[in-house]
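Novice: Here is a sequence with its predicted model. Questions after.
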Number of protein chains: 4
Amino acid sequence: MASNQMWGGRFAGGPAEIMQAFTPSIDFDRRMAAEDIKGSCAHARMLVQEGIIPAEDADAILKGLAEIATEIAEGRFVFKRELEDIHLNIESRLTELIGPAAGRLHTARSRNDQVATDFRLWVRGACGRSEDALITLMRALHEKAAGNIDTVMPGFTHMQAAQPISFAHHLLAYVEMFSRDVLRFRDAAKRMNECPLGAAALAGTPYAIDREFTARQLGFDKPMRNSLDAVSARDFALEYLAAATIAATHLSKLAGEIVQWCSPGFGFVTLSDAFSTGSSIMPQKRNPDAAELARGKAGRVLGDFTALAAVVKGLVLAYGSDLQEDKERVFDAADTLELTLAVMAGMIRDMTPNKEKMRAAASAGFPTATDLADWLVQTLKKPFREAHHIAGAIVKCAEDRHCDLEHVPLADMQAIEPAITEAVYKVLGLDASLAARMSYGGTAPNRIKEQIAFWRDKLR
Amino acid sequence: MASNQMWGGRFAGGPAEIMQAFTPSIDFDRRMAAEDIKGSCAHARMLVQEGIIPAEDADAILKGLAEIATEIAEGRFVFKRELEDIHLNIESRLTELIGPAAGRLHTARSRNDQVATDFRLWVRGACGRSEDALITLMRALHEKAAGNIDTVMPGFTHMQAAQPISFAHHLLAYVEMFSRDVLRFRDAAKRMNECPLGAAALAGTPYAIDREFTARQLGFDKPMRNSLDAVSARDFALEYLAAATIAATHLSKLAGEIVQWCSPGFGFVTLSDAFSTGSSIMPQKRNPDAAELARGKAGRVLGDFTALAAVVKGLVLAYGSDLQEDKERVFDAADTLELTLAVMAGMIRDMTPNKEKMRAAASAGFPTATDLADWLVQTLKKPFREAHHIAGAIVKCAEDRHCDLEHVPLADMQAIEPAITEAVYKVLGLDASLAARMSYGGTAPNRIKEQIAFWRDKLR
Amino acid sequence: MASNQMWGGRFAGGPAEIMQAFTPSIDFDRRMAAEDIKGSCAHARMLVQEGIIPAEDADAILKGLAEIATEIAEGRFVFKRELEDIHLNIESRLTELIGPAAGRLHTARSRNDQVATDFRLWVRGACGRSEDALITLMRALHEKAAGNIDTVMPGFTHMQAAQPISFAHHLLAYVEMFSRDVLRFRDAAKRMNECPLGAAALAGTPYAIDREFTARQLGFDKPMRNSLDAVSARDFALEYLAAATIAATHLSKLAGEIVQWCSPGFGFVTLSDAFSTGSSIMPQKRNPDAAELARGKAGRVLGDFTALAAVVKGLVLAYGSDLQEDKERVFDAADTLELTLAVMAGMIRDMTPNKEKMRAAASAGFPTATDLADWLVQTLKKPFREAHHIAGAIVKCAEDRHCDLEHVPLADMQAIEPAITEAVYKVLGLDASLAARMSYGGTAPNRIKEQIAFWRDKLR
Amino acid sequence: MASNQMWGGRFAGGPAEIMQAFTPSIDFDRRMAAEDIKGSCAHARMLVQEGIIPAEDADAILKGLAEIATEIAEGRFVFKRELEDIHLNIESRLTELIGPAAGRLHTARSRNDQVATDFRLWVRGACGRSEDALITLMRALHEKAAGNIDTVMPGFTHMQAAQPISFAHHLLAYVEMFSRDVLRFRDAAKRMNECPLGAAALAGTPYAIDREFTARQLGFDKPMRNSLDAVSARDFALEYLAAATIAATHLSKLAGEIVQWCSPGFGFVTLSDAFSTGSSIMPQKRNPDAAELARGKAGRVLGDFTALAAVVKGLVLAYGSDLQEDKERVFDAADTLELTLAVMAGMIRDMTPNKEKMRAAASAGFPTATDLADWLVQTLKKPFREAHHIAGAIVKCAEDRHCDLEHVPLADMQAIEPAITEAVYKVLGLDASLAARMSYGGTAPNRIKEQIAFWRDKLR
């Protein structure tokens, strides 16, 4: 069946040769083969149930589609560019297998509602896969956190060491971020879970079809309420891409931390050989390049969102071929996100913290200055801003003496603030500082243990 | 209080003059003044309840903050660039008003958790405002739809007239889109509704604060579970921007339709004077330029999302000043979205459909060709693809004769397919075609009435 | 050679299996095979010329590379994922073909400068191909314009008919846009035409290499001046993507016009069968879907630019694997742009203007109102703003009478402005209006003929 | 003059109140006041020269415009929202000042070509300002480089120390990047330097105007060749935004380095007090937050480009109000870029390298492993890949012994490769490594001196 035949008897000339390189979508929409067959089976079952097509035709169709599913699974199916897209490729093969009955499958259906249905099924599946991959990564982070409650590292603001924190606390921050990503994908999947099938080209169909039945068969919550919306809406794809972009920024942050932690100025972690690569000219190098690749992926997924948003902007109802851009962007984002999540999970599981280096870094830079200020407020009842000034002056003094805050002589402190007593020294140590941050959500080991337990339950 | 004082006693030199133009955020974050005061009040109440500050200080603080709120509301408050941001502007004024007690407000708090709290409150409010504005627009669309159930217009695919549809059906498609936008903002508002206050700089605080109390006071569902996450997370802002971008693409589509409907080739609607503008050189012009502006806004909001996503990508924990970009992007998107929604609601309410032009356009181009194909399937039991071919040949015949499908002589049809009978003519009319699309979600007037009723209930 | 061997003797464990799906670039960077071989040949010739490797090794290397080029051209080359990228695939095969001498090719070179060189060569080539494709499209537009100097159509602002213009003038506006795109690609190609080869990993090399020689061999203007910049700069790729994005917006505009011109409300042009497609359910439809696809492509290319800009943002020197994202974005943009340009050239060449419909549309909507205002200024010496008001009132009168401006009775005009005379009618006709716009760059046929001649010369 | 008057006598109702918040552009386009007056002066001079308006009117107009320019400069001009934009604000004031003669200024001109001219003038100016600001930054980098030729730091790939390099070399890499940015702005300025004035609304004008004259008066190379293109083209704004985005990524990279260099794991540089800020809770902190802000700005400028590209995509000719989005995006990008460049120049000038820390970091991590491999190739004539393996084994040996490469005993090296001799030690030192990289563009001090001299000349 040549493509000018596909479009009806009206066309005298065929498409230009270059159009064969431009318009067909089969090179990418073949990824929706399973969804297309599933949708067609549901449609055929509905058609026979409603008496629109005879039972023997439906049987032939279902058998033929099953055979095609097998051919595809086994790599025997020949996809043809001249048949444009996955829908016509499958329909054409069905005609070869079962003859004219195949033509009845397209009753009360159009490629417009067919592709909308297939694509929703695919994106719904992608949401599920992202969720699973996120949870796998969260488990890896949780497990690593559970083993590092007492591992002290510097907490950074502005990439300056600010206060000592627990490595577990740091890892759990990512568990929080990824848990919101899970929920975003769940919300998106739920919102998109309405069935376009039966909207036909754009206006509905005169056949007495049962849209509830097909919706149910395909696991959708209900049929979509408006046929124009059903064939033209792509906000579900944009919402998926937005959730993917946000998740990718979280991955990018985590990856950026790892790249930094691996750099010689930090040396906080060692990646396993399995997740490092070497350099062609510098044999001693151990490069976190999987982490770098992961860091870059957020740009790519953002590009996918940007591209589709720019495409749908301003398009009028109902269907325009511009929308054909939707699938490649979503496929690219899904592949990128799922693979990156899996790699990061493996990388985290294999990652070894270098506890001494972390602790040493946490000791540098007067990390307990805030504790000092807090002590001035709590013990000496100084207003916060004044305490802050005093603490700043003592830090300057320590810096001038090249010593830690713990080692500034009492006399020097008293020269700055006479009311300071010996008792101050007990808040100037690293572990004391950590343990003191007992507020809910804080980095005190006891607080972290609560969170570890919370997530153990959730991630079970 | 000069700004080198703000940062403690350690700084010898002051900031460069150009830094005054670069680093302060007061020019835009003053928009969070109400949220900042609200957050400070909640914090002060908690501090006194927990016995961290004395009651008289808390009273002075609350009274001072109330006074500041009034000053701001009445435009008497003097915002100062040298005080950098809204937090320090308010704190400085509080000190002027109540003296050293003001300093106690900053106990167990940092600008990091303070700004995170303020900003969440603001974005949560923006979600609510967007919801309201969306619903106002949905009501305008619904009302216009309710009055136009029998207004026939061409349904387009590829900007070609495909099948006749109801204008009400078309408008309701947008109600569907905007209803999903409402839900996206609701999901976003719900997900972000956790309180960062109490996370302090990044690690929690040694004071025995009650984060449940402040969270409740501020209408948050609960305190955030991880202090690092609390101060650094901006996915809530990205999710807001993503929802805004998607909503803006829907607005852009609707605006694009209106621009097109107003163009002389269509002439489907007339805008009111209130929502049109004229041309400086062409006095007869009546330009839908508010619609054009609305069409363009999706680009702008997309730019806001892109900007913030690119900023947060790759940043390490916890806080970096790069995040200061978050507010201007969100403010710009919120202003843009809310104003555009309001303008579109007014424009839709005032818009007059030109029913005759719509109907005439719906009649052109053999719009019932599909009905003919369906008749061939249903009555003559042709397989769909064959019916499609026959219908195509009859269209070509009508085109050659320069007549509608209704006026192709039976003999000519029978020359193409001998089994065609006189009965075919009853499906070739415009209203018959519309009425036939009775499938759920279809454009048949009875179906539309169901949808009108459904939305009347929902939008009550 | 397994991949842990590639990275030197230091690695105990191999990479994780999933890393094989994540880190290798061979699936896409194989497109740079020709550039890689060309670069290696230049390097080998330089090495032997400078006495760094023996002549017999160089001979073997050059012969081996020629053999590999043939294998690739003939599809006999086996690309291996475990060899990561195009550089190692070729080097490994070279070793098979010529033995240990292959190892000498990597003397004084690193994968960092090698890939930077290959990629610059590729992007430079893409600039050239874009230029050629743009010029082909400009020729098609010019040819169509040359045949339509007297074809009158409405000129639109705000999608409202504003003034009559020539179809040729409209098409030539696109020639102007695409001519600037050509220059942007030329500037980009010129700016990137500096050779990174010899920068080695990042710091230069101790070998006494001749970078001028390799630069010249590869058609570069000169070697890059700074080795760190040489291996890390990707602004040349961003500049290419920016030029591609801008060109794609021009294509998108032209495509958008064609979609609109094909819609029934306009009917200004008919596309050939070769550049239209049909609909599966509506046999009478003739869809401009190649134009719609072309309209969407600007979103895609913009996504490519956005992605790479977000990736390079914030990266420190010198090389990070994030940069591996550069190639897929550029390849995607180049494929998209080149194919779309070719399709649009074919579409334009085949497109038939429907002159009567254009002329009829140009007559509607009082298109000569501006001419009337100008006449009031020039003949009656009215200030422009007053003339504008009078013309507006006469338009309103014509609208009320349902007639053209040419048919408003003189008495009615004089009721609005008594000084108006019979002479006004000669400026109210369509062709008179067109011919009057004789200012340089205007739509008067004589002016267009000058432009047609100008471009005939340029595009020769 | 109320706004319904502006649009001619045809409008019965006025605009909706909300439209006053939506459509006027005066809040931002007032920034083009100087350009608008300049353009009007040129136009008035041309009109009188061609005899289109009387000399006394032109004199009044020029005098009135000069007065308005003064009013604006002195802050006495009252901008009015109800007058929509800068053009009508100025015209209205001109009418107040000189009476009806003001109306003649709009002869042979439309707001469409007027705004296109004003905006081109503004963007051309922005290109010039960016150039100047880039050169100022280049000078600061060059000066810092000139004083640090012998300052050794680690060169990084994958954020791993790879080879020792000179700090000057590193800084000069940025000079290279910014020099290409200068050229991009120059190319953009040159390409946009064509005058739209005289294109009128879209089709040219019947007045015998002299477009060469106005073009010349305004410093344009020539008038634009096509009136439709003249009023609708915005590729010049996109090209400016693309150049700004690329420059901003370079700034972001440099800023990212500084943030990292300031972090305790590096400690490579100290910022001056003038370009640092403190922390409200951690008095000891010295935050590079101007650098962080600068790092984030690339996201913002990218958002501006994305926004405008998405807006112009798909718009049909000639003018649509969507284009009103162009100015805010460009103004935002220009302000952002110019300010960031100035801040970075100040920060670089003030920045103090910590030479000992840099040198210590350069010594760690076996930085001369590549030198060892190169020695094996050059002295022992090993093929590169084999040398690489041997060097890798020796690195592993040094790592096991916790010593530098310089301190691995010869016997241990010979156990790996028996041919190694005492001579190898002379290439294993830091300064030797640096000095050895004598290839053009390499980091050897002599090479750097050449580059310093080259840029001294260029930046004079």
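Specialist: Looks like it came in fine. Only a predicted model underlies this, so the values are computations on that prediction, with no experimental measurement involved.

Novice: Now do the same for the residue of the stretch 151-300 of chain A found nearest chain B: helix, strand or coil?
Specialist: Distances between the stretch 151-300 of chain A and chain B by Cβ to the nearest Cβ are smallest at A:Gly204, namely 2.0 Å. No exception for glycine: its C-beta is placed from N, CA and C like everyone else's. Secondary structure state of A:Gly204, per DSSP: H, G, I helix; E, B strand; the rest coil, is coil.

Novice: Kindly report the same for A:Thr107.
Specialist: Put simply, A:Thr107 is coil when judged by three-state DSSP.

Novice: Skip the chain neighbours and tell me the closest residue to it.
Specialist: Using Cβ to Cβ, 6 or more residues apart in numbering or on different chains and skipping the chain neighbours, the partner closest in space to A:Thr107 is B:Phe384 (5.1 Å).

Novice: list the contacts for that neighbour?
Specialist: Going by Cβ atoms under 8 Å, 6 or more residues apart in numbering or on different chains, B:Phe384 touches A:103-107, B:373, B:377.

Novice: quick check: longest helix of chain A.
Specialist: In chain A, assigned by DSSP state H, the helix with the most residues is helix A:111-146.

Novice: so does that one get close to chain B?
Specialist: Yes - Helix A:111-146 lies within reach of chain B by Cβ under 8 Å from any Cβ of the partner chain, at A:Asn112.

Novice: again with stretch A:165-185
Specialist: Yes - against chain B, stretch A:165-185 shows contacts by Cβ under 8 Å from any Cβ at A:165, A:169-170, A:172-173, A:175-177, A:180-181, A:183-184.

Novice: what's the answer for stretch A:211-218, then?
Specialist: Yes - among the residues of stretch A:211-218, A:211-212 lie within reach of chain B under Cβ under 8 Å from any Cβ.

Novice: Only the buried residues of that stretch, if you could.
Specialist: With burial defined by 16 or more other Cβ atoms under 10 Å in any protein chain shown, the residues of stretch A:211-218 counted as buried are A:211, A:213-218.

Novice: so how far is that stretch from its chain's centroid?
Specialist: Relative to its chain's centre, stretch A:211-218 lies at 29 Å (Cα atoms, centre = their mean, to the nearest Å).

Novice: can you check stretch A:198-215 too?
Specialist: Averaging C-alpha positions (Cα atoms, centre = their mean) puts stretch A:198-215 34 Å from its chain's average.

Novice: buried set for that stretch?
Specialist: By 16+ other Cβ under 10 Å, the buried positions in stretch A:198-215 come out as A:198-207, A:209-211, A:213-215.

Novice: so which pair among the residues you listed is furthest apart in space?
Specialist: Greatest spacing in the buried residues of stretch A:198-215, by Cβ to Cβ: A:Leu202 and A:Phe213 (21.5 Å).

Novice: and the longest helix of chain A, what other elements does it pack with?
Specialist: Judged by 3 or more Cβ pairs under 8 Å, 6 or more residues apart in numbering or on different chains; DSSP states H and E, helix A:111-146 is in contact with helix A:33-49, helix A:86-98, helix A:167-191, strand A:194-195, helix A:227-232, helix A:235-262, helix A:325-350, helix A:445-458.

Novice: Run the contact check for the next helix or strand after that helix versus chain D.
Specialist: Using DSSP states H and E, the helix or strand that follows helix A:111-146 in sequence is strand A:152-157. Yes - applying Cβ under 8 Å from any Cβ, one finds strand A:152-157 in contact with chain D at A:154, A:156-157.

Novice: Any stretches of the stretch 251-400 of chain A with poor pLDDT?
Specialist: Residue ranges of the stretch 251-400 of chain A with pLDDT under 70: A:279-285.

Novice: Spell out which parts of it neighbour chain D.
Specialist: A:259-260, A:262-266, A:278-289, A:292, A:306, A:309-310, A:313-314, A:361, A:364-366, A:369-370, A:373, A:388-389, A:391-392, A:395, A:399.

Novice: tell me the secondary structure for the nearest residue to A:Pro164 once chain neighbours are set aside?
Specialist: Spatial nearest neighbour of A:Pro164, excluding adjacent residues (Cβ to Cβ, 6+ apart): A:Ala362 at 4.4 Å. For A:Ala362, the assignment made with three-state DSSP gives helix.

Novice: and A:Ala362, what does it touch?
Specialist: Going by Cβ under 8 Å, 6+ apart, A:Ala362 touches A:152-154, A:161, A:164-165, A:430.

Novice: can I get the residues you listed in a markdown table with pLDDT and neighbour count?
Specialist: Output for these, formatted as a markdown table (pLDDT from 0 to 100; neighbours: other Cβ atoms under 10 Å in any protein chain shown):
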| residue | pLDDT | neighbour count |
| --- | --- | --- |
| A:Val152 | 97 | 24 |
| A:Met153 | 97 | 27 |
| A:Pro154 | 96 | 26 |
| A:Ala161 | 88 | 25 |
| A:Pro164 | 94 | 26 |
| A:Ile165 | 97 | 33 |
| A:Leu430 | 91 | 19 |
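
Novice: still on that earlier bit, narrow the residues of the stretch 251-400 of chain A next to chain D to those in helices?
Specialist: A:259-260, A:262, A:289, A:292, A:306, A:309-310, A:361, A:369-370, A:373, A:388-389, A:391-392, A:395, A:399.

Novice: If any of those are buried, put those into a ChimeraX selection.
Specialist: Burial among those is assessed by 16+ other Cβ under 10 Å; the matching ChimeraX selection reads:
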select /A:259,260,262,289,292,306,309,310,361,369,370,373,388,389,391,392,395
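
Novice: out of the ones in helices among the residues of the stretch 251-400 of chain A next to chain D, who's near chain C?
Specialist: Counting by Cβ under 8 Å from any Cβ, A:259, A:289, A:292, A:306, A:309-310 from those sit close to chain C.

Novice: tell me which of the residues you listed is nearest to chain D?
Specialist: Nearest to chain D among these, with distances taken as Cβ to the nearest Cβ, is A:Ala310, at 4.2 Å.

Novice: is it true that that closest one touches C:Phe305?
Specialist: No - contact status for A:Ala310 versus C:Phe305: not in contact, 11.0 Å apart, counting by Cβ atoms under 8 Å.

Novice: How much space separates the closest residue to A:Val269 other than its chain neighbours from A:Gly99?
Specialist: Spatially, and ignoring its direct neighbours in sequence, A:Val269 is nearest to A:Trp261 (4.5 Å; Cβ to Cβ, 6+ apart). Separation of A:Trp261 from A:Gly99 (Cβ to Cβ, to the nearest Å): 64 Å.
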